[in-house]
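predicted model, plus sequence, below.
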Amino acid sequence: MIHFVTALDCEARPLIRRYFLKPCGSYGRARFFASEKARLVVSGVGELRSAIATTALACRFPDSGKIWLNVGIAGHRDAAIGSGFISNRVSSDNSKDVYFPQIVARAPWPGIETQTLRAPSTNYQPNCLLDMEAYGFYSAALAVSTLEFVHVFKVVSDNATNIAIKTLDKEAVSECIAAHLEQIEFFAQKTLENHVIEETSDSMKAASLEIQSTQRFSETDKHWLNEKLGQLSHLLDECDKKDFSNRLIGRDKREVFDLIEKEIDKLSSQRLYTGNR
Amino acid sequence: MATSLGRIGMFERIYVEDAIHDHPRTIDLLKRYPSAEAIRCSRYGEVFNPKRQNFRVQKSNPALILAEKRGEKVLSTPAGYGLGADHHYYFSHMLNCLYDCRYCFLQGMYRSSNFVLFVNYEDFVSDIREIANSHSNEKCIFFSGYDCDSLALESLTGFANHFLDLFQNLPNATLELRTKSVNVSPLLQRGALENVVVAFTLSPDLVAKSLEFKAPTLSARLRAIAKLTSAGWKIGLRFDPLIYFDNCQQVYQAFIDETLEQIPLSAIHSTTIGVFRSPKTIFNNMKSLYPEEPLFMGNLKLSNGLVRYPENVETSLVENITKRVLQHIPENLLFQQK
């Protein structure tokens, strides 16, 4: 699942088409779009709006959002209009802190610093993109993800010889973003391949619920039980999971804990020995 | 070897601390990796220390961070980590390791698996020399390889060559290079030094295959040891951590016999034994990074802040392996790590 954050409608449009995103509500000025593969919020311009919209998207879909991408336009001193960059340093004229996104998949674009400004500027710096959202997006997305899965992708919309702050050509912006869609999707997929999925098997979850429904468990007990059943999900094959789950039903709490502990002790030392991993 | 060199050639990003931007070692490294993106940072901690990063995920494509080591560069070892000298110290020119050993505390201690290389070797050298000179009538051992592998990235760092020059002229000081690397050519290209120990972490083939990812095989390490002993280098054998599993006593005994029969006694500087143990916080970090790892699941207890095997398991493992080791080497060469 990819979560996109854009400032403008014209930045969002190519993504909405690509991922067949449908409108699904709003939060203040922020407007949400969603499909099975992606979600998107159009935040409006500015660091604060971007942060609020990102947080709102995370709250609306708290279960997912494995990769977060801020897609938008930025200024650069001398890069050609339409050039794409991935941010390797995200700074702000509003904060001393700096973020260093960790790029674990090979990015199809060069890396660059993105500096987020409070107001539009033509004071272009060497080797630096100027934008108005990235830092706010990054701060907010990092609250629900990690540095490896939060990225800022920018397309150059203006440079020292093509200053376009007052007259933004929305069609041109959409076209510039659209030209990078294949690469955006490729990068997102490659990055997501590194995501570690931790799941307890269904039979173990069912056993856990049944055991907890018949006896009183403290929060510590529940935490222990869920962690251990998660471990057993890795140690047992599917057939054995069902058998073992059945063995837990109808026992008192202490017996359940003992049985689980002994099974994990036995299986983990076997697994280390056989090298069957 | 091929693996490690291949990976070194693949740095895509090099972070450079402002303070050492013009250091000759920085300039040389940036020249050697012209296709890597150089990214400036004020302090390496800005990149290395933030919360909200994932050691495991970064391990698939780590970056290099070039930094200056500030403050104390050489520290006394914790109690129980000595080799019988009057004073024991450790220092780290690098943080993090090329290899990916599942039992390694680094993965639970650091938030990032990017490599930090402290380029100001000269400051380490100065501190080591000062400490060694302050104990001129006593024996000191300096351990390298606590926070990294001493030799695995030698072609990148030139660390060993630089520090061997120092120890050549410090007769009361011994340097331990702790490693799993078979990249021993920098040592073979120069004469053996009496006061330098190349200490190999060794585990049975089964354990190495199951837990020491990206590290050279046991047989490759034994071949590297053979080359070093032939050239006169002193070898340290580090049977640490010992791992408990079904049938582990027999596996370890066969491994100890196989290993010690291949290495001439005269080449052995010291042997250490230590069981798998970890501070609780570090263990919990490792477990949450690798929830599917059997090593972190069973047969472990929390005791005095350390997660370790139950006492009966630990005692039996240590006693049996100690006995076996002592069939090959004298007692004064064996040290237990607690």
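Ah, there it is.

could you tell me which residues within the helix or strand of chain A with the lowest mean pLDDT count as buried?
Lowest by mean pLDDT, DSSP states H and E among the helices and strands of chain A is helix A:202-214, with a mean of 83. By neighbour count with 16 or more other CB atoms under 10 Å in any protein chain shown, helix A:202-214 contains the buried residues A:203, A:204, A:205, A:207, A:208, A:211. For the C-beta atoms, the positions are set from N, CA and C on the backbone; glycine is no exception.

okay, buried residues for stretch B:295-304 please.
For stretch B:295-304, the neighbour count (16+ other CB under 10 Å) marks B:295, B:296, B:297, B:298, B:299, B:300 as buried.

for the residue nearest to the third one when sequence neighbours are not counted, grab the count of nearby residues.
Going back to what we said before, that points to residue B:297. Ranked by CB to CB, 6 or more residues apart in numbering or on different chains and with sequence neighbours excluded, the top spatial neighbour of residue B:297 is residue A:268, at 4.1 Å. Using other CB atoms under 10 Å in any protein chain shown, residue A:268 has 25 other residues around it.

thinking again about what came up before, chain B: which of the buried residues of helix A:202-214 is nearest?
Nearest to chain B among the buried residues of helix A:202-214, counting by CB to the nearest CB, is residue A:204 at 13.1 Å.

what sits against that closest one?
Each residue near residue A:204 by CB atoms under 8 Å, 6 or more residues apart in numbering or on different chains is listed here: A:229, A:230, A:232, A:233, A:241, A:245.

farthest-apart pair in those residues, please.
Farthest-apart pair in the contacts of residue A:204 is A:230 and A:245; separation 13.3 Å (CB to CB).

which element is the spatially closest residue to residue B:276 that is not a sequence neighbour on?
Closest residue to residue B:276 in three dimensions, ignoring its sequence neighbours and counting by CB to CB, 6+ apart: residue B:241, at 3.8 Å. Secondary structure from DSSP states H and E places residue B:241 in strand B:234-242.

for the record, mean pLDDT for that strand?
In this model, strand B:234-242 has a mean pLDDT of 97.

list the helices and strands it packs on?
Judged by 3 or more CB pairs under 8 Å, 6 or more residues apart in numbering or on different chains; DSSP states H and E, the packing partners of strand B:234-242 are strand B:173-179, strand B:196-201, helix B:218-230, helix B:248-262, strand B:268-275, helix B:311-326.

to chain A, which of these lies closest?
Taking CB to the nearest CB, helix B:248-262 is the member of the helices and strands packed on strand B:234-242 nearest to chain A, at 7.2 Å.

other residues contacting the closest one?
A:269, A:273, B:202-207, B:218, B:222, B:225-226, B:237, B:239, B:242, B:245, B:316-317, B:320-321, B:324-325, B:328-329.

if we can go back for a sec, just the closest of the buried residues of helix A:202-214 to residue B:151, please.
Nearest member of the buried residues of helix A:202-214 to residue B:151, counting by CB to CB, is residue A:204, at 43.9 Å.

contacts only, for residue B:334.
B:270, B:271, B:272, B:273, B:322, B:325, B:326 are the contacts of residue B:334 under CB under 8 Å, 6+ apart.

list the contacts of stretch A:230-247.
Contacts for stretch A:230-247 (CB under 8 Å, 6+ apart): A:198-201, A:203-204, A:206-207, A:259-260, A:263-264, A:267-268, A:271, B:291-292, B:294, B:297.

quick check on residue A:24: phi, psi?
The phi and psi values for residue A:24, taken as degrees, to the nearest 10, are phi -140, psi 40.

now do the contacts for the residue nearest to residue B:276.
B:103, B:274, B:275, B:276, B:277.

against residue B:105, how distant is it?
Using CB to CB, to the nearest Å, one gets 10 Å for the distance from residue B:241 to residue B:105.

now the closest residue to residue B:58 other than its chain neighbours, what are its backbone angles?
Closest residue to residue B:58 apart from its sequence neighbours, by CB to CB, 6+ apart: residue B:113 at 4.3 Å. When read as degrees, to the nearest 10, the backbone of residue B:113 gives phi -100, psi 10.

so residue B:113 makes contact with residue B:64?
No. Applying CB atoms under 8 Å as the test, residue B:113 and residue B:64 come out as separate, 11.5 Å apart.

export the contacts of residue B:241 as a markdown table, with columns for pLDDT and neighbour count.
Formatted as a markdown table, the contacts of residue B:241 follow (pLDDT from 0 to 100; neighbours: other CB atoms under 10 Å in any protein chain shown):
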| residue | pLDDT | neighbour count |
| --- | --- | --- |
| B:103 | 97 | 20 |
| B:274 | 95 | 17 |
| B:275 | 96 | 21 |
| B:276 | 96 | 21 |
| B:277 | 95 | 20 |
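
ok, now which ones touch the residue nearest to residue B:188 when sequence neighbours are not counted?
Among residues not flanking residue B:188 along the chain, residue B:231 sits closest, at 5.4 Å (CB to CB, 6+ apart). Contacts for residue B:231 (CB under 8 Å, 6+ apart) come out as B:187, B:188, B:192.
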